[in-house]
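*Asks:* Below are the sequence and a predicted model for it; my questions follow.
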Amino acid sequence: MNRTLLDECFRVKGRENFYLTIAEIQRDLDEFMAYYNLDRSHQGYRLNARTPAQALREALGVEHLPELRFQLRAEALEDATMTVTEETDIGQQTS
């Protein structure tokens, strides 16, 4: 999974974005995880071109799973941005 995240998410998004906050990285990670689990078909004998969500629904015998698309709230984004900014300011003052 780590190699998949690196190759398919961060090496691609890292060319498009210059991340300044953890919240920005988390936003792209959440977006990729939704794609990976809900939209991207997987190879292999266990999944047989199904998505992990499809395989889980079939294994559990249910038609619907809880919402798997994550959305950060605006307050969480502001808190993460504030924390990173404060840590950067403190690090610059002690240097």
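*Replies:* Here it is on my side, so go on. Residues are numbered from 1 along each chain as shown.

*Asks:* Give me the most central residue, the chain.
*Replies:* Residue closest to the average C-alpha location in the chain (C-alpha atoms, centre = their mean): residue 29, at 2.0 Å.

*Asks:* Spatially nearest residue to that one (excluding sequence neighbours)?
*Replies:* In space, and not counting its chain neighbours, residue 29 is closest to residue 9: 6.7 Å by C-beta to C-beta, 6 or more residues apart in numbering. Every C-beta, even on glycine, is put in place using the N, C-alpha and C of the backbone.

*Asks:* The one you found: what's it in contact with?
*Replies:* With contact set as C-beta atoms under 8 Å, 6 or more residues apart in numbering, residue 9 has these partners: 28, 29, 32.

*Asks:* And for residue 54?
*Replies:* So residue 54 contacts nothing (C-beta under 8 Å, 6+ apart).

*Asks:* What residues sit buried inside stretch 39-59?
*Replies:* 51, 52, 54 (16 or more other C-beta atoms under 10 Å).

*Asks:* Tell me which entries of these lie within helices.
*Replies:* 52, 54 (DSSP state H).

*Asks:* Closest one of the buried residues of stretch 39-59 to residue 66?
*Replies:* residue 52 (14.0 Å; C-beta to C-beta).

*Asks:* excluding its backbone neighbours, what's nearest that closest one?
*Replies:* In space, and not counting its chain neighbours, residue 52 is closest to residue 37: 4.8 Å by C-beta to C-beta, 6+ apart.

*Asks:* can you tell me which residues contact that neighbour?
*Replies:* 51, 52, 53, 68.

*Asks:* ok, now how distant is it from residue 12?
*Replies:* The gap separating residue 37 from residue 12 is 17 Å, by C-beta to C-beta, to the nearest Å.

*Asks:* Would you mind listing the buried residues in the helix or strand harbouring residue 3?
*Replies:* Assigned by DSSP states H and E, residue 3 belongs to helix 2-4. For helix 2-4, the neighbour count (16+ other C-beta under 10 Å) marks no residue as buried.

*Asks:* Count the neighbours of residue 27 for me.
*Replies:* 19 (other C-beta atoms under 10 Å).

*Asks:* Perfect, I'm done here.
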